[in-house]
Structures are given as C-alpha cells and as structure tokens.
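[1] Return atomic coordinates for the entry below.
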Amino acid sequence: NVTVSRAAPHAVAVSLHGAPVLGSPAAMSVAPAGVHGPSCSRVGLPLTSAVAGESGSWTVQTADVFANPRSLGGDPLLASVTLAGAPPPPAGLAAVHDHEDGTHVVSFSATRAGVFGVALTVHGLAVRGSPFAVTVLPAAPSTAPVPSSSTMHCANAPCPPWWLPCCRPCCDPSSSDPST
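    Down below sits the predicted model:
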C-alpha cells in the first residue's frame with residue numbers, strides 16, 4: 001500500500017526482486033483531494049476594518065485535507081455575518097464569488113458601524129481562522145452642498161431655525177408669495 005498526500009507529478013518505480021519492472025519508473029500525476037474547510041486559507045492582507053457603506057474583500061484559497069491547493073471551481077464556500085451584541089443582520093452583507101480556479105473572493109459591506117464576524121465554511125467546516133472580525137467605522141459626514149435660499153420654499157410654514165437667516169422672506173407669515 002502506498003499513500004500519496006502531495007498533489008504533484010510523481011515518478012513511480014516498481015521493482016521485483018531488485019530488478020525494475022517493465023515500464024518502471026512510470027509517470028503519475030496526483031490531483032488534490034476534495035475540499036476541506038479547515039485546510040482552506042485566506043490569501044493576502046486580511047480585511048480587518050472597513051467604513052460603513054463601502055465594501056472590502058479578500059481571497060480564499062481552497063485546499064484538500066493535506067493542504068494541497070485546489071485548482072478547480074465549484075467548492076461550496078459559504079459566508080455568514082454576525083454583529084456583536086445585536087440580532088442577526090440582514091442577508092447579503094457578504095458575497096462569495098468563485099473564480100473557478102480554486103480561489104474565491106469574499107466581499108463584505110455593511111451600512112452601520114460595529115464589530116462584525118464573517119464566518120466562512122465549506123461543507124459546514126470553518127475555514128482556517130474563521131470567523132474573521134471586521135470593525136466597521138462610521139462613514140464620514142456628508143459633504144453635499146447645502147441648497148441655496150432660492151431653492152428653499154417653506155410655503156409660509158415655520159422654517160427650521162437654521163434656515164431663518166437665508167430664507168426669512170419665504171418663512172415670514174406676512175409674505176404673500178410662498179414661492180420666494
């Protein structure tokens with residue numbers, strides 16, 4: 001019995017009573033075994049922080065139980081997201097794209113700040129290091145321009161206090177033209 005755990009081309013030499021058997025050595029190629037979640041790994045820099053409303057991603061390399069990288073697609077890598085101290089967030093915060101070459105890109109995006117856990121599994125077994133913590137920071141305040149007084153129309157209704165300096169004529173109940 002011979003067990004080969006390294007996926008690669010091999011030469012197999014067979015002998016009988018010390019003499020090589022005809023055709024020996026023979027070339028043999030060993031492909032990776034089926035995918036094994038705990039042997040899969042994140043590739044490159046980890047996504048540890050993000051900004052609310054923006055997405056980030058990282059790559060996962062699938063591997064077999066012997067840690068041989070897989071080079072085919074179709075492995076069932078799943079992502080689920082949790083938010084510390086909160087009910088389960090809505091689905092769709094993480095997405096998995098299979099590149100059909102043994103790698104998957106996991107994208108993550110959240111619209112609120114907090115510490116999220118992104119769990120990656122294959123056949124119910126966690127990918128090495130999963131769940132991954134991602135700290136989502138609040139988005140920067142909007143820098144959208146404030147409308148000019150010519151676009152603010154209060155229709156003789158009370159203006160919010162911050163509008164009064166710029167739109168007093170339209171907010172003045174004595175004004176007869178609500179469009180000014």
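[2] Just give me the neighbour total for Gly53.
    13 (other Cβ atoms under 10 Å). For every residue, glycine as well, the C-beta is placed using N, CA and C.
[3] Not counting its neighbours along the chain, what's nearest it?
    Counting by Cβ to Cβ, 6 or more residues apart in numbering, Gly53 lies nearest to Ala139, which is 4.9 Å off, once chain neighbours are set aside.
[4] and the one you found, helix, strand or coil?
    coil (DSSP: H, G, I helix; E, B strand; the rest coil).
[5] That one: what's it in contact with?
    Contact partners of Ala139, counting by Cβ atoms under 8 Å, 6 or more residues apart in numbering, are 51-54.
[6] from those residues, which single one is nearest Val21?
    Glu54 (62.7 Å; Cβ to Cβ).
[7] Excluding chain neighbours, what is closest to the closest one?
    That would be Ser109: by Cβ to Cβ, 6+ apart, it lies 6.8 Å from Glu54.
[8] For the longest strand seen in the chain, what is the distance to the chain centroid?
    Assignment by DSSP state E gives strand 114-122 as the longest strand of the chain. Distance of strand 114-122 from the chain centroid (Cα atoms, centre = their mean, to the nearest Å) equals 9 Å.
[9] Show me what the next helix or strand after that strand is in contact with.
    Downstream of strand 114-122, the first helix or strand assigned by DSSP states H and E is strand 125-126. With Cβ under 8 Å, 6+ apart as the test, strand 125-126 has contacts from 36-38, 119-120.
[10] Can you list the residue ranges for strands in the chain?
    Using DSSP E, strands in the chain cover 9-12, 15-16, 19-20, 26-29, 41-43, 49-51, 55-61, 77-83, 94-98, 103-109, 114-122, 125-126, 132-137.
[11] Give me the contact list for the second one.
    In other words, strand 15-16. With Cβ under 8 Å, 6+ apart as the criterion, strand 15-16 contacts 21, 24.
[12] That one pairs with which strands?
    With DSSP bridges as the test, strand 15-16 is paired with strand 19-20 (antiparallel).
[13] picking that back up, output the strands of the chain as a markdown table; include the columns mean neighbour count, distance to Val2 and mean pLDDT.
    Formatted as a markdown table, the strands of the chain follow (neighbours: other Cβ atoms under 10 Å; distance: least, Cβ to Cβ, whole Å; pLDDT from 0 to 100):
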| stretch | mean neighbour count | distance to Val2 | mean pLDDT |
| --- | --- | --- | --- |
| strand 9-12 | 11 | 8 | 78 |
| strand 15-16 | 9 | 14 | 86 |
| strand 19-20 | 10 | 17 | 85 |
| strand 26-29 | 10 | 10 | 80 |
| strand 41-43 | 16 | 28 | 87 |
| strand 49-51 | 15 | 48 | 80 |
| strand 55-61 | 18 | 27 | 88 |
| strand 77-83 | 18 | 32 | 86 |
| strand 94-98 | 16 | 33 | 88 |
| strand 103-109 | 19 | 30 | 89 |
| strand 114-122 | 19 | 28 | 87 |
| strand 125-126 | 14 | 27 | 91 |
| strand 132-137 | 17 | 38 | 85 |
